[in-house]
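> Structure of the sequence below:
(2 chains)
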Amino acid sequence: MSGVPDSSLIHARGLTKRFAAFTAVDAIDFDVAPGEAFGFLGPNGAGKTSTMRMIGCVSPVTDGVLRVLGLDPVADGPRIRARIGVVPQSNTLDMELTVRENLVIYGRYFDLSHGEAGRRADELLEFVQLDERGRDRVEPLSGGMKRRLTIARALINEPDLLLLDEPTTGLDPQARHLLWDRLYRLKQRGVTLVLTTHYMDEAEQLCDRLVVMDKARIVADGSPRELIDRYSTREVTELRFAPGVQDSLDGSLDGLAERIEWLPDRVLLYADDGEAVAVAAHERGLQPETVLVRRSTLEDVFLRLTGRSLVE
Amino acid sequence: MAESALAGRVRTARPPRREALSVGAALAVLEYCARVYRRNWRGTMFMTFFSPVLFLGAMGFGLGGYVDASAEGGGSAIGGVIGVASYAAFLAPGLLAATCMQTGAFEATYPIMGRIVWDKVYHAMLATPITVRDIIAGQVGWFAIRLTIVASGYFVVMLAFGLIHGGPLAILVVPVGVLTGLCFATLIAAFAATQRSDNGFSVIFRFLITPIFLFSGTFFPIEQLPEVLRPVALVTPTYHGVALTRDLTLGTAQAGPAVVHLAFLLVVVVVGLAACSITFRRALVK
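Prediction:
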């Protein structure tokens, strides 16, 4: 156990997951501190879910060191799982039971008494604003409601650590904001959040610190701000040209910005002053159909690191 | 570098530790099954009593009356072979065991695969302190309760029809029926855990359950089968379950054969549980 920082809630060194010949997670290192909101950002297939399943002690570690809450998942799986809450990528709710029953029976899996499970279920239904729907079946609930119910279910054991695998994928903006608000409140209460996402805005909203994963490896880590400062400029100017025009621009954008990314449908110019870039481009006689000046995001960081967009 | 690669291989090859079984966790899984059952128990309770009445009415007394009448000098034609009062009394215990087989088989198909592939209910359980062992224990415990209900229903109907001749020991047909059902429930649950769709189940019912139902001594003694098929009937759990339940309700049980029948059923259940342990783990732990 030497070398494991006492303060670390999750400690991973050389953490690896292989499925036969396929390596899903390739020797990654990270630490998560108590009370932190920590994110795994990356495209589909980057190894985020495999990492989460190993942390959740449901998927055996192939190689490397993993300690969760200071314990070894191999020897202490049930003890660790007793103290964590899991929001899996798909909801895994029971369609045959009512909303409230889904919570109560889940509490029973944590060895809560019926009374205690019921009391917590009612509290949690209120917390996720589903108290009106307790007696309803799960099936007719909207996607956002099902997601909230899954989060409530993950909280029934009052976990120290909450694992959320793509918590808001497929939800409309309103539902996402409601979820973010609930997660923020949990963080305020001292619950450590570990989440995966391929939405950079979600990572920026929720995460104190994050790692960017690509092709089973960690390619960068830091706070969202640090990552943007390190790998991108303050602003970005997006130029979109009429079809065909972009290919004939060869060289005419040179020197306009610190860095230029050519995407299939637009050109991104990275500079600290985006407006100045737009003006300079105009002065060179370029006639883009649209010009957008915006702040750099984690999407730009990802593009810089991997040469690909996050969501394709 | 080579060293660490080797260390990695050793680590991977290490056999998984035996996880402990927690009674509380298994009971929570069983409670889950009971909660799901409670949502449609009325329908199944109706079938629990209605099905024996229907079957015994048609086959036992309808067909049975015909069989008995064709026997010379009273008694049953089949009874003539083994000394039974009526065909209904011969048939009823067999139906009890065979119905347990069908219930066990059914409970182990769609519900099990659904909880692995469709709703992923077991996956949700495994995110809690519950282990694969607990899931199997709780689920099989539920099979046993479900089968107890079915076997008890049959027993009550048999009592009402005056088809119990074996004295107080006849009540043991209930656990024997449960055991017969568990043979199929455990083996088929192990199979269900390997399936990604329900296509395989119709094959099981068509080519396994139905022939066994018809040819394992439920409706006629297996001595009536062509000689080549008799050994096949002998290795089905249903044959042993039917033989034992019949001995118990007719009062013809003898220690020797009873122990053989019981041992056979127990061995199959143990094999079924071991198979579940392998296939459930493969399906759920990746």
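> Could you pick out the residues of the stretch 151-286 of chain B near chain A for me?
Proximity of the stretch 151-286 of chain B to chain A (C-beta under 8 Å from any C-beta of the partner chain) is limited to residues B:Val285, B:Lys286. In this view, the C-beta of every residue, glycine as well, is placed from N, C-alpha and C.
> Flag every residue of chain A that's near chain B.
Near chain B, when you scan chain A using C-beta under 8 Å from any C-beta, you find A:16, A:18-19, A:53, A:56, A:58-60, A:62-63, A:74-75, A:77-79, A:81-82, A:86, A:88, A:90, A:92-97, A:101, A:105-106, A:108-111, A:153, A:157.
> Give me the below-cutoff pLDDT ranges for chain B.
B:1-19, B:71-84 (pLDDT under 70).
> contacting residues for the residue nearest the centre of it?
In chain B, the C-alpha nearest the mean C-alpha coordinate belongs to B:Gly181, at 1.1 Å (C-alpha atoms, centre = their mean). Shown in contact with B:Gly181 (C-beta atoms under 8 Å, 6 or more residues apart in numbering or on different chains): B:Cys100, B:Met101, B:Thr103, B:Gly104, B:Phe143, B:Leu147, B:Val150, B:Ala151.
> where's it, which helix or strand?
Using DSSP states H and E, B:Gly181 falls within helix B:173-192.
> Flag every buried residue along that helix.
Buried residues in helix B:173-192, defined by neighbour count with 16 or more other C-beta atoms under 10 Å in any protein chain shown: B:173-174, B:176-192.
> And the helix ranked longest in chain A, what's buried?
Using DSSP state H, we find that the single longest helix of chain A is helix A:173-188. Buried residues in helix A:173-188, counted by 16+ other C-beta under 10 Å: A:Ala175, A:Arg176, A:Leu178, A:Leu179, A:Trp180, A:Arg182, A:Leu183, A:Leu186, A:Lys187.
> for that helix, packing partners?
helix A:143-154, strand A:192-197, helix A:200-206 (3 or more C-beta pairs under 8 Å, 6 or more residues apart in numbering or on different chains; DSSP states H and E).
> Rebuild the contacts of B:Gly181 as CSV, extending it with neighbour count and secondary structure.
CSV is the format used below for the contacts of B:Gly181 (neighbours: other C-beta atoms under 10 Å in any protein chain shown; DSSP: H, G, I helix; E, B strand; the rest coil):
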residue, neighbour count, secondary structure
B:Cys100, 32, helix
B:Met101, 28, helix
B:Thr103, 25, helix
B:Gly104, 30, helix
B:Phe143, 25, helix
B:Leu147, 26, helix
B:Val150, 26, helix
B:Ala151, 26, helix
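> could you redo those residues as a markdown table and give each row distance to B:Ser216?
Formatted as a markdown table, the contacts of B:Gly181 follow (distance: C-beta to C-beta, whole Å):
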| residue | distance to B:Ser216 |
| --- | --- |
| B:Cys100 | 12 |
| B:Met101 | 8 |
| B:Thr103 | 16 |
| B:Gly104 | 14 |
| B:Phe143 | 20 |
| B:Leu147 | 17 |
| B:Val150 | 17 |
| B:Ala151 | 17 |
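> tell me which of those is nearest to chain A?
Closest approach between those and chain A, by C-beta to the nearest C-beta: B:Phe143, at 17.4 Å.
> show me what contacts the closest one?
Contacts for B:Phe143 were tallied using C-beta under 8 Å, 6+ apart; they are B:Gly104, B:Glu107, B:Ala108, B:Gly181, B:Leu182, B:Ala185, B:Thr186, B:Ala189.
> swap the cut-off to 7 Å and go again
Counting by C-beta atoms under 7 Å, 6 or more residues apart in numbering or on different chains, B:Phe143 touches B:Gly104, B:Glu107, B:Gly181, B:Leu182, B:Ala185.
> And the strands in chain A?
Taking DSSP state E to define them, one finds strands in chain A at A:10-19, A:22-32, A:37-41, A:63-68, A:84-87, A:161-165, A:192-197, A:209-214, A:217-222, A:235-240, A:259-262, A:267-271, A:290-295.
> CA atoms only for whichever helix or strand comes after the helix holding B:Gly181, dumped as CSV, please.
Toward the C-terminus, helix B:173-192 is succeeded by helix B:199-204 as the next helix or strand (DSSP H and E). This file holds the C-alpha atoms of helix B:199-204, laid out as CSV (Å, rounded to 0.1, in the frame of the first residue of the first chain):
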residue,chain,number,x,y,z
ASN,B,199,-34.7,-18.1,-30.1
GLY,B,200,-33.1,-21.0,-28.2
PHE,B,201,-36.0,-21.3,-25.8
SER,B,202,-38.6,-22.5,-28.3
VAL,B,203,-36.2,-25.2,-29.3
ILE,B,204,-35.8,-26.3,-25.6
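> Find the closest residue to chain B in the stretch 201-312 of chain A.
Counting by C-beta to the nearest C-beta, the stretch 201-312 of chain A gets nearest chain B through A:Ala216, at 15.1 Å.
> so what's that residue closest to, chain neighbours aside?
A:Asp26 (3.9 Å; C-beta to C-beta, 6 or more residues apart in numbering or on different chains).
> In CSV, list the buried residues of helix A:173-188 along with distance to B:Phe161 and pLDDT.
Below are those laid out as CSV (distance: C-beta to C-beta, whole Å; pLDDT from 0 to 100):
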residue, distance to B:Phe161, pLDDT
A:Ala175, 59, 87
A:Arg176, 64, 89
A:Leu178, 61, 90
A:Leu179, 60, 89
A:Trp180, 66, 92
A:Arg182, 60, 90
A:Leu183, 63, 93
A:Leu186, 62, 93
A:Lys187, 67, 94
